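Q: Build me a model from this:
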Amino acid sequence: GSSWPTPRINSIATAGMRYQNAYSAPSCAPTRAQVLTGRYQFRNGVTFPTLPNGPLSVTDETTFATILQQQGYATGLAGKWNVFHGGSTSTGDARAQARHIAAHGFEESSTFLGHTIDYGAVQPEEEFVPFQLNQWACDFVERKAAGTRPFLLQYSLGLVHWASGGGLTATPLDPTAATQEQRYAAMMTYMDKMVGKLLDTLDDAGIADNTVVVFAGDNGTWSAISSIWNGRTIQGGKLSSLDTGSWVPLYVRWPGVVAEGTIYEGMTDFSDLFPTFLEIAGAVVPNYRIIDGISFLPQLKGEEEEHREIVYAGQFWEGTSQPDRRFEFVRDKSYKLIVDGAEESLYDISRSPALERLILPGNQTAEQLAARTRLRNYLRDLHQAELAETGADSDRDGMTDFAEVIAGTDPTSPRSRLALSEVLLDSAAGARTCTLRFPTVTGRRYRVQSSATLDRDGWTFVSDPVTGTGSEIEIVISAATAARYYRLSVEQP
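A: Numbering: from 1, shown residues only. As a prediction, this is how the structure comes out:
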């Protein structure tokens, strides 16, 4: 849009790639969890920005920060976390959040609790919390640039968002901003200044040419704010199924790799960031569970073929005063299918965000019927894939092998999956054994199940229970010829 000038942020797009069709979740916390795990919210469990949803499970989910830390990266987080939901601003909750952040792979952090922020005093600037968080982020970059390890910084600005007491805030650049629209403009300007300071820090440290910079929004604009887009007034759509709730900026600057001023037209959602970050760092994308994201590293390097055709977004109100309220949508470049409760609607979104036109089933063309069917099947398959997890090809070699192993389900949580660190099959001399080596949680009990199919009722126990010690353990079982799949069953202490 043209309502809110952001020259420093725009410079990232000018120097790299701008994603024309990038879609987040319609609210912040589900988007953040999606980026961290590469998995949609109905898998990772972070479904809404506020209590009591979440937290992002430490035992069941693996973040890109954890994997990069294992690759030797120094990792830091500044600003908003919002996948812990400590519930208050007490010292105890702050310490618990810090432990949660560290458990998800960030060695250092400077954050605030919850989904809103107490901005502090507007003047002097040194007391404005976004300024303090930016100072920490710049200091982290300076320190790591002087070191020997590669580094990752996730800088999640508190801007632009409601203040803890409600409404928006003035800023040190415009302390007299009074109306919500004036304050929104002031916050956008100040956010741009903070991004610019971080970019300047990279330049001053001499590492800008060897650093990938990604800028992204985590949801659409607040519904009370209107913006000018292509000469039209567009209302914000946060928390809605409108494109204005999920269509967000995504820019990538990577000198020497991404051509300047590139515009990418392919469909992209925020699960794609997880595998892309890992592949940029030379890490392996986990194959022991469903990863919804598809890496767009080839497109960053200039490949013309688009990496995906359909994106997913959803908003669930689980754990709120409206526990049964939810919607999901899947869309390509021309059509969007929304499932809101028991109601399914197809929209022509070729003129979005200016217009999303409802297509009634009785009036749809053959093309529109085909689009409805394709999108419906895509959404169905997303949910059905949860049963099979990695499916019948866990090592992804293109074949269904004997004793393919999938991660088991914790009976207390339909979203829980356990990472297997190693699976071995020995069928020498006719003696078939299956060895499962995996990390454990102290006090939890683990048993192995096997099945000839992936049917829900086809699983039987084939090992005695083993109690977790907090370290890696190994279970070796006799592998029946008829059993193709093995998984872990986990019992809470």
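Q: C-alpha only now, for contacts and for neighbours.
A: Noted.
Q: And the strands in the stretch 1-150 of the chain?
A: Along the stretch 1-150 of the chain, the stretches classed as strands by DSSP state E, counting those that start in this stretch are 17-23, 74-80, 108-112.
Q: what mean pLDDT does whichever helix in the chain runs longest have?
A: For the chain, the helix with the greatest residue count under DSSP state H is helix 180-204. Helix 180-204 shows a mean pLDDT of 94.
Q: Also stretch 165-176?
A: Mean pLDDT, taken over the full extent of stretch 165-176, equals 87.
Q: now stretch 36-54
A: For stretch 36-54, mean pLDDT is 78.
Q: Which parts of the chain are helices?
A: Under the criterion DSSP H, the chain contains helices at 7-14, 28-37, 41-44, 64-70, 91-103, 129-145, 180-204, 273-280, 297-300, 366-388.
Q: Now render the strands of the stretch 1-150 of the chain as CSV, adding mean neighbour count and distance to residue 67.
A: Output for those, formatted as CSV (neighbours: other C-alpha atoms under 10 Å; distance: least, C-alpha to C-alpha, whole Å):
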stretch, mean neighbour count, distance to residue 67
strand 17-23, 22, 24
strand 74-80, 24, 10
strand 108-112, 20, 15
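Q: so which of the ones you listed comes closest to residue 68?
A: Residue 68 sits nearest to strand 74-80 of all the strands of the stretch 1-150 of the chain, at 7.9 Å, using C-alpha to C-alpha.
Q: Residue 204 - how many residues pack around it?
A: Residues near residue 204, counting by other C-alpha atoms under 10 Å, number 11.
Q: List of residues touching stretch 175-193?
A: Under the criterion C-alpha atoms under 8 Å, 6 or more residues apart in numbering, residues 4-9, 122-123, 157, 159-160, 167-174, 225 lie in contact with stretch 175-193.
Q: Buried ones among those residues?
A: Neighbour counting by 16 or more other C-alpha atoms under 10 Å classes 6, 8-9, 122, 157, 159-160, 168-172, 174 among the contacts of stretch 175-193 as buried.
Q: Stretch 224-243 spans what distance, first to last residue?
A: In stretch 224-243, first residue to last residue: 16 Å (C-alpha to C-alpha, to the nearest Å).
Q: same thing with stretch 140-154?
A: One end of stretch 140-154 to the other measures 11 Å (C-alpha to C-alpha).
Q: and that stretch, how far from the chain's centre?
A: Centre-to-centre, stretch 140-154 and its host chain are 23 Å apart (C-alpha atoms, centre = their mean, to the nearest Å).
Q: mind listing what's buried in that stretch?
A: Using 16+ other C-alpha under 10 Å as the test for burial, stretch 140-154 gives 140, 141, 142, 144, 145, 150, 151, 152, 153, 154.
Q: And those, which is closest to residue 105?
A: Closest approach to residue 105 among the buried residues of stretch 140-154 (C-alpha to C-alpha): residue 152, at 10.5 Å.
Q: if you skip the residues just before and after it, what's nearest to that closest one?
A: Leaving aside its chain neighbours, residue 152 sits nearest to residue 75 (4.8 Å; criterion: C-alpha to C-alpha, 6 or more residues apart in numbering).
Q: Just put the strands of the stretch 1-150 of the chain in CSV and tack on distance to residue 308.
A: Below are those laid out as CSV (distance: least, C-alpha to C-alpha, whole Å):
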stretch, distance to residue 308
strand 17-23, 11
strand 74-80, 29
strand 108-112, 34
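Q: Residue 378: what's its closest spatial neighbour, skipping adjacent residues?
A: Using C-alpha to C-alpha, 6+ apart and skipping the chain neighbours, the partner closest in space to residue 378 is residue 330 (7.8 Å).
Q: what residues are up against the one you found?
A: By C-alpha under 8 Å, 6+ apart, the residues touching residue 330 are 310, 311, 312, 313, 336, 337, 338, 375, 378, 379.
Q: Try it again at 10 Å.
A: 310-314, 336-339, 346, 375-376, 378-379 (C-alpha atoms under 10 Å, 6 or more residues apart in numbering).
Q: Check the offset of stretch 224-244 from the chain's centre.
A: With C-alpha atoms, centre = their mean as the basis, stretch 224-244 stands 23 Å off its chain's centre.
Q: got the buried residues for that stretch?
A: 226-227, 234-244.
Q: now do stretch 116-124
A: Neighbour counts over stretch 116-124 (16+ other C-alpha under 10 Å) mark 116, 117, 118, 119, 122 as buried.
Q: And the pLDDT at the third one?
A: Per-residue confidence at residue 118 stands at 84 (pLDDT).
Q: Touching, it and residue 127? I think so.
A: No - under the criterion of C-alpha atoms under 10 Å, residue 118 makes no contact with residue 127, lying 11.2 Å away.
Q: picking up where we left off before, quick one, which of the helices of the chain is nearest to residue 463?
A: helix 366-388 (21.2 Å).
Q: Quick check: which helices or strands does that closest one pack against?
A: Helices and strands touching helix 366-388, by 3 or more C-alpha pairs under 10 Å, 6 or more residues apart in numbering; DSSP states H and E, are helix 41-44, strand 311-316, strand 326-331, strand 335-340, strand 343-348, strand 357-359.
Q: Pull the distance from that helix to the chain's centre.
A: Counting by C-alpha atoms, centre = their mean, helix 366-388 comes out at 22 Å from the chain centroid.
Q: okay, that helix in PDB with CA atoms only?
A: The C-alpha trace of helix 366-388 is given here as PDB (Å, rounded to 0.1, in the frame of the first residue of the first chain):
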ATOM      1  CA  ALA A 366     -17.200 -26.400 -14.800                       C
ATOM      2  CA  GLU A 367     -14.000 -24.600 -14.000                       C
ATOM      3  CA  GLN A 368     -15.300 -23.400 -10.700                       C
ATOM      4  CA  LEU A 369     -16.600 -26.900  -9.800                       C
ATOM      5  CA  ALA A 370     -13.200 -28.300 -10.600                       C
ATOM      6  CA  ALA A 371     -11.600 -25.600  -8.400                       C
ATOM      7  CA  ARG A 372     -14.000 -26.400  -5.500                       C
ATOM      8  CA  THR A 373     -13.200 -30.100  -5.800                       C
ATOM      9  CA  ARG A 374      -9.400 -29.600  -6.000                       C
ATOM     10  CA  LEU A 375      -9.300 -27.300  -3.000                       C
ATOM     11  CA  ARG A 376     -11.700 -29.400  -1.000                       C
ATOM     12  CA  ASN A 377      -9.500 -32.500  -1.600                       C
ATOM     13  CA  TYR A 378      -6.400 -30.600  -0.800                       C
ATOM     14  CA  LEU A 379      -7.800 -29.500   2.600                       C
ATOM     15  CA  ARG A 380      -9.000 -33.000   3.300                       C
ATOM     16  CA  ASP A 381      -5.700 -34.500   2.500                       C
ATOM     17  CA  LEU A 382      -3.900 -32.100   4.900                       C
ATOM     18  CA  HIS A 383      -6.000 -33.400   7.800                       C
ATOM     19  CA  GLN A 384      -5.900 -37.100   6.700                       C
ATOM     20  CA  ALA A 385      -2.100 -37.000   6.500                       C
ATOM     21  CA  GLU A 386      -2.000 -36.500  10.300                       C
ATOM     22  CA  LEU A 387      -2.800 -40.200  10.700                       C
ATOM     23  CA  ALA A 388       0.000 -41.500   8.600                       C
END
